[in-house]
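Asker: can't give you the sequence, but here's the structure:
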């Protein structure tokens, strides 16, 4: 068989798998938006059937044969899209075939139960109730890492599931530097002379008007409602359902402007990435898939923070906001509004954290889960370790485990290695945005005039269109000329909060 | 292998097929409700992949082996649920394996194109444009009938796809009697002294209030919003997506009360049937599937017409309607409202037809398509034949083919044999409802008091719970003690319209 023929067959098989996955995607979207409660059990059965089929198709021995053949062919040479596709599919195939079916099933079974027990534990603020489950999940995660194989620490194998090619040493090094700078920044903010008036964003904001405003902002970003939708859900998400269909969701708080507004910008940022991938021509192939979770998150965070929480953005959009939310924003200065949406206040709960403290929440979790996987921290000791680190980083005492180590679903769900991607997303976003400002010297002026599409185009050209042709680490270097660094994020925050807080 | 073991494997295979079909069901629902326009192409690819998989699984030779084994076992004996399951699965399996793949593909390809050409032809009122496509579709339908095999006319094989076990001779005989009586009834109505004031239902009816009222009626019927939903679409439908998930849709006309209101009752009637099938225990097996399209339609038409257009129903619900639609119904008598929702007026378009003329539309189509399939009527002669029959039945001249033989999608889509199920549904519904009134002597009094659940329970016990354990013809006899007859429908209409029109 010629390499061309093998490549063609590989492409067809990958497309079929992607089409089947997109069916599961639609079912997942429906589950979280409109499905009646009574449908939950059948939905689980539908999704489990589809995921079983997808797994079988992807791990079909024929896939191995084709990849074997292609790896030793000319098509795998050089820096071409074809070579990238072969490399990434082979990589995923090897990982998928390394996990024994019995282990996958045990993980699924245990994490399903464990999530239920976590809900109870959090509700009752009872870590001891969750502890045996954390132990079980942890043991399975370590077995998973062993099955994958790894260099250095087993955590590397877990991290690789979410941020392919990242190594724990590199990540830890960057995070360590970031943490040191963030703690200093937060102290400055704490002691600063100016304080934003947050009551401005915590007034009555009619939900229907929030939707109108949010949609107009998403549209200005380039999010297309011909190929997308915005719906309501409990835990907002974005989902790419194939070429021509990328959907976002949000939730509205009638007493608070920030949640849905920045939530919509965040999800629309993910959405633009999905819409910018070359699915029209390469659906199912890695070059039409996102580079990593961290890179995906960089797109959402850039739109949410670097754009959505910038003064320039609001120079253009604030008058519109004032027209729409007549009563709550009447007589409120742009500067006061801008300060209110950028208020920094250490708090217990990660998902409610502001831009400056958010990363500390992540770093704390990363350090703890890394230590657990390494065997340096026993589940029994997690609450104590959590609380002492939290106090050190946030200068605040944790009141209860429900507000501490029991707050997130991730560990109960077996998502160890996932947390770092949130902070990596923030780091990438700052580094990318700094580069965009270099490449487009009047970018901030364009934003000030509501021309957000300039940035969108830059993201498309520099990031979206590559898909996962380059892995995250290399993509960052390719786009910015530098390896990942904590500096752009720290510089950006220091400048911004310095101005707002007056230090 | 023991019969029990074979039956167990058959059950598992059928369940898997049903789960996969329900995935396609969710995608179909989404396509017609929320999918962004850009997703159309991928949706076609998703659905075609799933339907290919479903077909392969259902026609797997292993299915044939199991059925062979079971057919000659004790399990196939007698009148048990198991025997019914084996009988019906074997019947469908034989049909599915009789059609060569090449013919199925040719039909799919041709009807896809043909529907597009039909849209153009109808828009331009140009039958000649559609004629070659009608010829192609017809030839393929005849080839399909030949592949299935049949007794008597080839139309029998096509009808069987939609109303299993029905024969064209029986249907034609009943329809002929019905037509004769309907033509007389319409003449009486035409010459009647009283005329309803239809303007009552053609006023401003706020869409959101229509939704509130429609949902409250559906709920009173027993339609559960815990296991169902009501959404907006262009062509309303009901879809059963498995245990615990049955959804209905409607469309609202802000200037007309009837469309959404009776549309919701109609779809909720279908919905109650789906909810009443024993999917909890037998999902994927014939005894948890509807008996036929005609029986399904009988459930929707009964709620829409026998209940929803009855005086007794409105004795209870009219005061609520008056409270909700304050302005449009202010000062309108119950009797005048009742007459308005029951107005009879011959018209060109089937989907807009009233209860009395609707069946004539169907009969006309049935006669023409039967003659076409038999070779007695050439597509070339369809407009002339349509128009002359229409004038005879409706006492009205057809003005254009767009309002005549070009109005329905069915022929372009290859749905020959489908139309009769609409009229069969009306016939079944009247015969069932007459029986329900015998079995529950105070049924109409219960309805007058808003107790619709009495009827719902009767339908569950007598019809829903059987699924397709009995084929339609036998089910009618089992439930009513009589073979299908045109009399209950004619008697019901004569009494009702006699009172309204005063003849």
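Answerer: Looks like it arrived, so ask away. All of these numbers come straight from a predicted model, not from anything done at the bench.
Asker: from the stretch 51-200 of chain A, which residue is nearest to chain B?
Answerer: residue A:53 (7.9 Å; Cβ to the nearest Cβ). For every residue, glycine as well, the C-beta is placed using N, CA and C.
Asker: okay, buried residues for the host helix or strand of that residue please.
Answerer: Secondary structure from DSSP states H and E places residue A:53 in helix A:40-58. Neighbour counts using 16 or more other Cβ atoms under 10 Å in any protein chain shown place A:42, A:43, A:45, A:46, A:47, A:49, A:50, A:53, A:54, A:57, A:58 of helix A:40-58 among the buried residues.
Asker: quick one on the thing from earlier: nearest residue to the residue of the stretch 51-200 of chain A closest to chain B in space, please, no chain neighbours.
Answerer: Once flanking residues are discounted, residue A:53 sits nearest to residue A:20: 6.2 Å by Cβ to Cβ, 6 or more residues apart in numbering or on different chains.
Asker: same for the helix or strand hosting that neighbour, what does it pack against?
Answerer: Residue A:20 is located in helix A:3-33, with elements delineated by DSSP H and E. Counting by 3 or more Cβ pairs under 8 Å, 6 or more residues apart in numbering or on different chains; DSSP states H and E, the packing neighbours recorded for helix A:3-33 are helix A:40-58, helix A:61-71, helix A:81-98, strand A:238-240, strand A:246-250, helix B:3-33, helix B:40-58.
Asker: which bits of the stretch 251-400 of chain A sit near chain B?
Answerer: Residues of the stretch 251-400 of chain A lying close to chain B (Cβ under 8 Å from any Cβ of the partner chain) are residue A:283.
Asker: all strands in the stretch 251-400 of chain A, in order from the N-terminus.
Answerer: Counting by DSSP state E, counting those that start in this stretch, no segments of the stretch 251-400 of chain A form strands.
Asker: ok and the residue in it nearest chain B?
Answerer: residue A:283 (7.9 Å).
Asker: can you count the residues close to that residue?
Answerer: Residues near residue A:283, counting by other Cβ atoms under 10 Å in any protein chain shown, number 20.
Asker: what of residue A:260?
Answerer: 23.
Asker: centroid residue for chain A?
Answerer: residue A:297 (3.7 Å; Cα atoms, centre = their mean).
Asker: now do residue A:238: how many residues are near it, please.
Answerer: So residue A:238, with other Cβ under 10 Å, has 23 neighbours.
Asker: CSV for the helices and strands packed on helix A:3-33, including distance to residue A:112 and mean pLDDT?
Answerer: Converted to CSV, these look like this (distance: least, Cβ to Cβ, whole Å; pLDDT from 0 to 100):
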stretch, distance to residue A:112, mean pLDDT
helix A:40-58, 9, 94
helix A:61-71, 28, 98
helix A:81-98, 21, 97
strand A:238-240, 21, 98
strand A:246-250, 23, 97
helix B:3-33, 18, 97
helix B:40-58, 26, 94
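Asker: out of the ones you listed, which gets nearest to residue B:268?
Answerer: Minimum separation from residue B:268 across the helices and strands packed on helix A:3-33 (Cβ to Cβ) falls at helix B:3-33, 15.8 Å.
Asker: what inclination does the closest one have with respect to helix B:81-98?
Answerer: 60 degrees (axes from the mean of the first three to the mean of the last three Cα atoms, to 10 degrees).
Asker: list the buried ones in helix B:3-33?
Answerer: Buried, per 16+ other Cβ under 10 Å, within helix B:3-33: B:3, B:6-7, B:9-11, B:13-33.
Asker: cool, stretch A:190-200 as well?
Answerer: For stretch A:190-200, by 16+ other Cβ under 10 Å, it's A:196, A:200.
Asker: tell me the mean pLDDT for it?
Answerer: Stretch A:190-200 shows a mean pLDDT of 94.
Asker: and the contacts of that stretch?
Answerer: A:328-329, A:332, A:336-337, A:339-340, A:342-343, A:345, A:395, A:500-503 (Cβ atoms under 8 Å, 6 or more residues apart in numbering or on different chains).
Asker: just the buried members of those?
Answerer: Buried positions within those, assessed by neighbour count (16+ other Cβ under 10 Å), are A:328, A:329, A:332, A:337, A:339, A:340, A:342, A:343, A:345, A:500, A:501.
Asker: can you tell me which of those residues is nearest residue A:153?
Answerer: residue A:345 (34.6 Å).
Asker: phi first, then psi, for the closest one.
Answerer: Taking degrees, to the nearest 10, you get phi -150, psi 110 for the backbone angles of residue A:345.
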